[in-house]
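**Student:** Build me a structure from this.
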Amino acid sequence: MEFGLFVQGYVPAARAKVDPEAEHKALIEETEYVIQADKSGFKYAWASEHHFLEEYSHLSANDVYLGYLAHATDRIHLGSGIFNPLAPVNHPVKVAEKVAMLDHLSEGRFEFGTGRGAGSHEILGFMPGITDMNHTKELWEETIAEFPKMWLQDEYVGFQGKHWSLPPRKILPKPYGKSHPAMWYAAGSPSSYAMAGKKGLGVLGFSVQKVSDMEWVVESYKNAVKDAEPVGAFVNDNVMVTSTAICAETHAKAVEIAVGGGLNYLQSLLFRYHDTFPRPAGIPEWPQLLPEYTEEIVELLIAEELMICGDPDEVLKQCRRWDRAGADQLSFGLPIGISPEDTMTTIRLIGEHVIPKIDTDPVHRTSRFRSSSPSGV
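**Tutor:** Predicted structure coming up:
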């Protein structure tokens, strides 16, 4: 199992209220987390694309952000988690061009994750006339298979669809080196995992909450990917899942950090904006908040495998559960409202004590898939 980091530009109101530079500091701090993760042996860093989601995510221009990180890092793969390829949000050709450019700037370290938006607040900002959020599936389905053609055909044959069109044109630049970046899809429901598998796409499993959720994820995805008809030049057989992670020198210190980290507020914001996700029982509707975390709640979350938290030995054991459950990649959602110093400690300790004992392959999984792919589609 490989390891990653997920950043999103989280700027809670409580921070912005006391610091007029809170937004700027949050964005810059997150670049520093990715740079440290690169040094600490993490293989992937994912940057969100969200629009209009106050507090929850101020990271909208993630292509610019990832371009900076391409120069600031050496080995870590940099992924769009996600780029939104729906024509009303980003013209597909512009997306293809950005992916290829980032592939050059990172010298083949870019990972192309796509999705359909975070929920009605985001989607309706670009498509105010729609009444069914499932309409975005039609736009995405129409577009996703065109990207490899734009990258690999000398002159793209062009496209005439329901939602966008383009006459034959040379799409430039072409990706760096062989083939094209690995392709991923941000999936929420079991049907989405199976769909991604059939198309040969890796899954960004932001909806997986705990280890026991992996059973249906692995079954639905791995069964489908065995018979994939890939939209790209190769199958990216990958399931990535995300989890909160706090690692400190002692268990007591890790729990103390979690209690003071404002985790309840971030979770409440998640379900405020991701209103197309199933709402678990007990999650109140915004502006009501989940109760503030106590030591007892944090210990319960650890026991229920809803949070990775503890000293290095405990975190290692918790990560191994995800590995045994079949996750190909475990990415940690950072920051989560804790201090930059404590976040850096988590990254360094995981890099020193956890990653070397689980991920023993020096080569990125996606690099192996890409290098073995044919040259065209």
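**Student:** Do you have the strands of this structure handy? List them.
**Tutor:** Taking DSSP state E to define them, one finds strands in the chain at 2-7, 44-47, 77-80, 110-114, 159-160, 165-166, 183-186, 202-205, 239-243, 245-247, 308-310, 329-333.
**Student:** winner for burial among the ones you listed?
**Tutor:** Comparing these by mean neighbour count (mean count of other CB atoms under 10 Å), strand 202-205 ranks first with a mean of 30. (C-beta placed from N, C-alpha, C; glycine too.)
**Student:** got the contact list for residue 182?
**Tutor:** Shown in contact with residue 182 (CB atoms under 8 Å, 6 or more residues apart in numbering): 111, 112, 202, 234, 236, 238, 366, 369, 370.
**Student:** Could you find the closest non-adjacent residue to the last one?
**Tutor:** The shortest distance from residue 370 to any non-neighbouring residue, by CB to CB, 6 or more residues apart in numbering, is to residue 179 (5.3 Å).
**Student:** Let me see the contact set for the one you found.
**Tutor:** 152, 233, 234, 370, 373, 374, 375.
**Student:** And those, which two are furthest apart?
**Tutor:** Spatial extent of the contacts of residue 179 (CB to CB) is set by the pair 152 and 370 at 12.5 Å.
**Student:** Now the common contact residues for the two.
**Tutor:** 179, 180.
**Student:** can you list the contacts of residue 182 in TSV and add distance to residue 45?
**Tutor:** Shown next, in TSV, are the contacts of residue 182 (distance: CB to CB, whole Å):
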residue	distance to residue 45
111	9
112	14
202	15
234	22
236	17
238	15
366	13
369	19
370	18
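**Student:** So for stretch 216-223, mean pLDDT?
**Tutor:** Mean pLDDT, stretch 216-223: 92.
**Student:** typo on my end, stretch 341-359
**Tutor:** Per-residue pLDDT over stretch 341-359 has a mean of 98.
**Student:** chain center to that stretch: distance?
**Tutor:** 19 Å (CA atoms, centre = their mean, to the nearest Å).
**Student:** now what about it, what contacts it?
**Tutor:** 1-3, 5, 29, 32-33, 36-37, 39-43, 245-249, 257, 312-313, 315-316, 319-320, 323, 332, 334-335.
**Student:** for that stretch, which positions count as buried?
**Tutor:** 342, 343, 344, 345, 346, 347, 349, 350, 351, 354, 355, 359 (16 or more other CB atoms under 10 Å).
**Student:** Return it as CSV; C-alpha atoms alone will do.
**Tutor:** Below are the C-alpha coordinates for stretch 341-359, written out as CSV (Å, rounded to 0.1, in the frame of the first residue of the first chain):
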residue,chain,number,x,y,z
GLU,A,341,3.9,22.3,13.9
ASP,A,342,1.7,19.3,14.9
THR,A,343,0.8,18.6,11.2
MET,A,344,4.5,18.6,10.3
THR,A,345,5.2,16.2,13.1
THR,A,346,2.5,13.8,11.8
ILE,A,347,4.0,13.9,8.3
ARG,A,348,7.6,13.3,9.6
LEU,A,349,6.7,10.5,12.0
ILE,A,350,4.6,8.7,9.5
GLY,A,351,7.5,9.0,7.0
GLU,A,352,10.0,7.7,9.5
HIS,A,353,8.1,5.0,11.2
VAL,A,354,5.2,3.8,9.1
ILE,A,355,5.8,4.2,5.3
PRO,A,356,9.1,2.2,5.2
LYS,A,357,7.4,-0.7,6.9
ILE,A,358,4.4,-0.9,4.6
ASP,A,359,5.5,0.6,1.2
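**Student:** Residue 97: which of the contacts of residue 179 is nearest?
**Tutor:** residue 152 (14.1 Å).
**Student:** What is the neighbour count of the closest one?
**Tutor:** Around residue 152 there are 19 other residues, counting by other CB atoms under 10 Å.
**Student:** Just the terminal-to-terminal distance for stretch 158-169.
**Tutor:** Its first and final residues considered, stretch 158-169 spans 7 Å by CA to CA, to the nearest Å.
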